[in-house]
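# generate coordinates for the sequence data below:
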Amino acid sequence: MSDPRHCGWYLLRLQFFLNLIGNPERKIPHYIHVTGTSGKGSVTAFMHSILQASGKTVGSTYSPHPTVVTERWKVGNNYMTKKEFTEIVEYLKPKLDEYIAKTPYDMLSFFEVTEAIGLLFFVRKKVNWAVMEVACGGRTDSSNIIPWKDAAIITNIGVDHIGVLGRNKAEIAYEKAGIIKRNCAVFTGEKNKKMLNIIKRECKKQRVSLKISNFKFLISKQLPNESIFNYKGCEYSLPCLGTHQIKNAILCIEVAKHLKISQEIIRKGLRQAHQPLRMEIISKNPLIILDGAHNPDKMRTTVDTLHNYITTSLHHSDTRRNAHLLVGFSGDKNVAKMIRQLAALKPQTIAVTRNTTNPFRKVADPANVAKQFKKLLPNSKIKIFLNPSDALAWSKSKTKTGDILLVTGSIFVSGELRPKF
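Model (predicted):
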């Protein structure tokens, strides 16, 4: 993937394997494909819930998984079980041996194997709709192996995976636009004219229509676990916090309307949706929020959402809600910018830890992170922990009734701590 312009054969490699296992990708009648720098996981969850509310058997994929690998695949209300995972892997083992013996390519990547697992799972569960979240980019992402799609959704274009997807936003946009195929409707929330022109060129090439969301809505109420908003004369309720989530929901409303799903069913689906680790409230008093923001685009929405909530709370009470942070970052992200964004919350305490105890992932040095926070927030109490669990215990001991503890910086740190609640 070091040069995405010359790696079309990655999809040929996965296709060779799918041919060996009976082409499960061709046994699912309908697909919705979702990419974007931010919001694609939430859009996938919202679309899953809307389609399910309309009576369809729905499967969806998520990347990365919140805590355990089986959370990458969901059918109906349930993630894949350990038993189902084991059965599929046992089936695939001899097929991988056959692949190695016959393939003109090298070994499958982790993402390609997980894509095959998901497709097999969906076929075994007899899903008629699959909502596929892109892991990275789109054009050469393993999810782009699907042979057809009813809708392609590009949430937005931001700067992430520089050096993998491309050297700048325009190259990243080109990669994400690669999910656009013949005979599908295309939806986006992107507003930048240069990025939109790249998306429009791909639409013209594939002879498909493009719907650009206008995001003109009115917020009626925002509570820690609910956002009520009005869009095009209809009131909707989301079980989560944040203006960015309302924008994600509007994208889904437009897709659902294109699919001829009724307004009442759309409202029901959004109301019942659930997406872990996206400003997920795990405790109400003190308010503990698990969040997976891992790049400046995502972190901006996280900080804005929490800042707006703290400000609104102050209007209704004489007591200020003090903020506390527990952070862990990946080593290959723009950590310095995210630290500056989080510093705007003026937290009383900051627990700095590794974003994961997985030795195979790049981890931002906690000591260096703490040093950067100290420069910006000399009056905040900052402590370093090697183990995320120890960081959580310390942060909880510092968080009083009425305070807010935000766990963020990586989906891995929040995912690792989620089972503690």
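# so what's the residue lying closest to Thr103 once chain neighbours are set aside up against?
Spatial nearest neighbour of Thr103, chain neighbours left out: Phe16 (5.5 Å); criterion: C-beta to C-beta, 6 or more residues apart in numbering. Yep, even glycine has a C-beta here, placed from its N, CA and C like the rest. Taking C-beta atoms under 8 Å, 6 or more residues apart in numbering as the contact definition, Phe16 lies against 99, 102-105.
# Ile145 versus Phe16, what's the distance?
Applying C-beta to C-beta, to the nearest Å, the value for Phe16 to Ile145 is 11 Å.
# cool, and Lys383?
Separation of Lys383 from Ile145 (C-beta to C-beta): 46 Å.
# the two - which one has more neighbours?
Neighbour count, other C-beta atoms under 10 Å: between Lys383 and Ile145, Ile145 has more, with 21 against 16.
# ok, and the closest non-adjacent residue to the more buried one?
Nearest to Ile145 is Leu14, by C-beta to C-beta, 6+ apart, at 5.2 Å.
# how confident was the prediction at Asp403?
Note for Asp403: predicted pLDDT of 94.
# how far does the least confident helix or strand in the chain by mean pLDDT sit from its chain's centre?
One helix or strand of the chain scores below all others by mean pLDDT, DSSP states H and E: helix 296-316, with a mean of 83. Put simply, helix 296-316 sits 19 Å off its chain's centre (C-alpha atoms, centre = their mean, to the nearest Å).
# could you do stretch 374-392 as well?
On C-alpha atoms, centre = their mean, the centre of stretch 374-392 falls 26 Å from the chain's centre.
# contacts for that stretch?
326, 328, 339-340, 343, 346-357, 366-367, 370, 373, 394, 398, 407, 413, 416-417, 420.
# for that stretch, buried residues please.
Buried residues in stretch 374-392, defined by neighbour count with 16 or more other C-beta atoms under 10 Å: 377, 380, 382-385, 388, 391-392.
# same question for stretch 214-225.
217, 222, 224.
# same question for stretch 116-133.
Residues of stretch 116-133 classed as buried by neighbour count (16+ other C-beta under 10 Å): 116-123, 125, 127, 129-133.
# then stretch 392-408?
So, applying 16+ other C-beta under 10 Å, buried residues of stretch 392-408: 392, 394-396, 398-399, 403-408.
# out of those residues, which is nearest to Phe46?
Set against Phe46, the nearest of the buried residues of stretch 392-408 by C-beta to C-beta is Thr408 (21.2 Å).
# list phi and psi for that closest one.
With angles defined as degrees, to the nearest 10, Thr408 sits at phi -160, psi -180.
# for the strand or helix carrying Asn248, name the packing helices and strands.
In the assignment (DSSP states H and E), Asn248 maps to helix 243-258. In terms of contacts (3 or more C-beta pairs under 8 Å, 6 or more residues apart in numbering; DSSP states H and E), helix 243-258 is packed against helix 40-53, strand 151-154, strand 185-188, strand 217-223, strand 226-231, strand 234-238, helix 263-272, helix 296-316.
# can you list contacts of it?
Taking C-beta under 8 Å, 6+ apart as the rule, helix 243-258 contacts 32, 38-39, 42-43, 46-47, 50-51, 151, 153, 155, 185, 187-189, 211, 213, 215, 217, 219, 227, 229, 231, 236, 238, 263, 265-266, 269-270, 278-279, 301, 304-305, 308.
# next, the angle from it to strand 234-238.
Relative orientation of helix 243-258 versus strand 234-238 (axes from the mean of the first three to the mean of the last three C-alpha atoms, to 10 degrees): 120 degrees.
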